[in-house]
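In: Got a sequence here, can you model it:
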Amino acid sequence: MIAVILALLIVPLAAAIACAVLPAKLAPVITPVSGVACFGLVLALIPAAGHRDLNYLSYLRVDALSEIFLLATGFLYGAVTVYSVGYAKHHDLERDQQHRDRYARRFFAGLNLFGWAMLAAPIMGSLALLWIAIEITTIVSALLVAIEDTDGAAEAAWKYVLIASAGLGLALLATVFAYFAGSQVLGEHYNLAIRPLIATAAYLPHTPVRLAFMLAVLGYGTKVGFFPVHTWLPDAHSEAPTPVSALLSGALLATSFYAILRYYQVASGNLGSGFPRDTLLAFGAASLLLAALYVFGQRDIKRLLAYSSVEHMGILAIGVSFGAPVALAGVLLHVLAHAAAKGNAFMSAGVFTVKFGTKQISALRGGLDVLPWSGPLFLIAVFALSAMPPSGIFRSEFQIVYGGLGSGNYAAAAILVAGVTVVFFGLTASTTRMLFTPAPARRAPARGELRRGEPSAWMVVPMVAGVAVLLILGLHPPGELNDLIARAVIQLGATR
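Out: Coordinates of the predicted model:
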């Protein structure tokens, strides 16, 4: 398996370099090959990671927990790279070929580099390397947010850099406290490896572990999108190119949540389950309630989906706070289902933007008539995000709520159900207007008539794959995936 892990670190990085230096016309070929290959490599790790931890060179580590997040990122990276082929063809058609070639090199190189950093993070075997990988995702994604060269994109990228850098500064301080705690038991030469820190958690000094966990939740929570450090997220998701928005929402937020879970493992083993679960419950409930308020009245389709992401990160935090095995299994399934559903939602939104020439919800009308594939696929994605059966998110949220009720967390379970219901009404209100209101006879005069049809088949195929994943996760998850989730639940220290 070492060859597979090394390939996961090499393939997207090599693709990024190739897209930057080779002729621009090769970038749309190299990128989907890299994305699909990486997803295949991640799938190849499932049997081994479901039965044992894979440790190599003291720096690389894949266990069941990290494999779950690799699956989410790997699938979305593969889907988005295919989608990007069609997306790039419709970018800046008014510009000259030289400008479009320069944009293609930057866009595809950045997209592959972003995928590489997010795949690298769960593979890192130490908290220090994990922090570095997530820091790289910040740098690369900020450049991708600003790539459109508009005032709004520059402002969103600058806001993102400021807030995320402050958060990762706190996360670095959490890493320092984790090193101090580990060095008291493992010696001064302790290298922040995750495995021995978890194994010796019960013997670590309590105060630095408590500080490390709180700082990790605040710091990495900035990248997750927890309230009140979520404010960069709607702007960045709205201004970034659609493929980047899909990766930001479906993969980057989850990768940052993975970092919090590593600190959660240490804190639970050292402090008991009460403090870390209460902390996650507070941040999760606040994030869910914030999203429930802000999904109403949004005028930008991508900002609407961004607040939906805040909702789902809150659901993950609440689910972990329940601590029951079925709830934790639901959380891990939710990571996968949310990646597929939110990726589909953003990719569909990108098709609407290309077709109608705007992101404003008030101008998006008649989606089912104008877009015969993307319209229904967007509706399916919204229903999935709203936990409608038989999607994977329905299954995962049912497990989370069931676990919450079974563990006696009735108030938190009620908040979760109420928040999800309110968000459902907010999402479906905007979606109904976009899809079922009759389309205007003409667009703006300069853009000609609004004709029925999809901008590109490349933009539809990955969304069909996303629907298939949602149905598989909702109806009958594969046995090997269930084994993987069960092992990851044990690693998270579930209690009954």
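In: buried set for the helix or strand containing Leu218?
Out: According to DSSP states H and E, Leu218 maps onto helix 206-224. Residues of helix 206-224 classed as buried: 208-224 (neighbour count, 16 or more other CB atoms under 10 Å). Where C-beta positions appear, they are placed from N, C-alpha and C, glycine not excepted.
In: and the next helix or strand after that helix with helix 206-224, angle?
Out: Sequence order places helix 232-239 as the next helix or strand after helix 206-224, per DSSP H and E. Angle between the axes of helix 232-239 and helix 206-224 is 30 degrees (criterion: axes from the mean of the first three to the mean of the last three CA atoms, to 10 degrees).
In: Not counting its own residues, what contacts helix 232-239?
Out: With CB atoms under 8 Å, 6 or more residues apart in numbering as the test, helix 232-239 has contacts from 141, 145, 148, 150, 152-153, 155-157, 159-160, 162-164, 222, 225, 245, 248-249, 300, 302-303, 305-307, 309-310, 346, 359.
In: ok, longest helix in this structure?
Out: helix 151-186 (DSSP state H).
In: tell me what it is packed against?
Out: Applying 3 or more CB pairs under 8 Å, 6 or more residues apart in numbering; DSSP states H and E, we find helix 151-186 packed against helix 127-145, helix 194-199, helix 206-224, helix 232-239, helix 253-271.
In: how far away is the residue nearest to Ser391 when sequence neighbours are not counted from Gly466?
Out: For Ser391, ignoring the flanking residues on the chain, the nearest one in space by CB to CB, 6 or more residues apart in numbering is Ala384 at 3.8 Å. For Ala384, the distance to Gly466 (CB to CB, to the nearest Å) stands at 9 Å.
In: Show me whatever sits in contact with both of the two.
Out: In contact with both Ala384 and Gly466: Ala340, Ala341, Asn344, using CB under 8 Å, 6+ apart.
In: Can you list which of these are found in helices?
Out: Per DSSP H, the shared contacts of Ala384 and Gly466 map to helices at Ala340, Ala341, Asn344.
In: Next one, pLDDT for the second one please.
Out: In the predicted model, Ala341 carries a pLDDT score of 96.
In: name the element the residue nearest to Ser391 belongs to?
Out: Here Ala384, judged by DSSP H and E, is contained in helix 374-385.
In: Tell me which residues are up against that helix.
Out: Helix 374-385 has contacts (CB under 8 Å, 6+ apart) with 308, 312, 337-338, 340-342, 344-345, 348-349, 351-352, 355, 367-369, 371, 391-394, 427-428, 431, 434-435, 454, 459-460, 463-464, 466-467, 470.
In: okay, and for this protein, where does confidence drop off?
Out: Within the chain, the segments meeting pLDDT under 70 span 92-96, 439-449, 494-496.
In: what kind of secondary structure is Arg365 in?
Out: Following DSSP: H, G, I helix; E, B strand; the rest coil, the label given to Arg365 is coil.
In: Near it, how many residues? Count them for me, please.
Out: Look at Arg365: counted by other CB atoms under 10 Å, it has 18 neighbours.
In: What of Phe226?
Out: Phe226, neighbours per other CB under 10 Å, totals 29.
In: excluding its backbone neighbours, what's nearest it?
Out: Phe283 (4.6 Å).
In: residues in contact with the one you found?
Out: Listed by CB under 8 Å, 6+ apart, the contact partners of Phe283 are Val217, Gly221, Phe226, Phe227, Gly314, Ala317.
In: which one of these sits closest to Ala15?
Out: Distance from Ala15 was checked for each of the contacts of Phe283 by CB to CB. The minimum falls on Gly221, at 30.8 Å.
In: doesn't Ile260 make contact with that closest one?
Out: Yes. With contact defined as CB atoms under 8 Å, Gly221 and Ile260 form a contacting pair (6.8 Å).
In: how does this protein divide up, domain by domain?
Out: As given by automatic domain parsing, the domain ranges for the chain are 1-123, 143-271, 273-496.
In: just so I know, which of those domains lies nearest Ile136?
Out: Closest to Ile136 of those, according to CB to CB: domain 1-123, at 4.3 Å.
In: how far out from the middle of the chain is the closest one?
Out: Taking CA atoms, centre = their mean, to the nearest Å, one finds domain 1-123 lying 14 Å from the centre of the chain it belongs to.
In: mind checking the end-to-end distance for it?
Out: 13 Å (CA to CA, to the nearest Å).
In: before we move on, what about stretch 435-453?
Out: Using CA to CA, the end-to-end distance of stretch 435-453 comes to 14 Å.
In: List the contacts of Gly167.
Out: Gly167 neighbours (CB under 8 Å, 6+ apart): Leu218, Gly219, Tyr220, Gly221, Thr222, Lys223, Val229.
In: let's go with 10 Å and repeat that
Out: Counting by CB atoms under 10 Å, 6 or more residues apart in numbering, Gly167 touches 134, 138, 215, 218-224, 226, 229, 232, 256.
In: cool, Ser249 as well?
Out: Counted by CB under 10 Å, 6+ apart, Ser249 has contacts 76, 225, 233, 236-237, 240, 302, 305-306, 308-310, 312-313, 338-339, 342-343, 345-346.
In: sec struct for it, please.
Out: With three-state DSSP as the basis, Ser249 sits in helix.
In: One more: Arg451?
Out: coil.
In: Need the nearest residue in space to it, chain neighbours excluded.
Out: Of all residues not flanking Arg451 in the chain, Val370 sits nearest, at 7.8 Å (CB to CB, 6+ apart).
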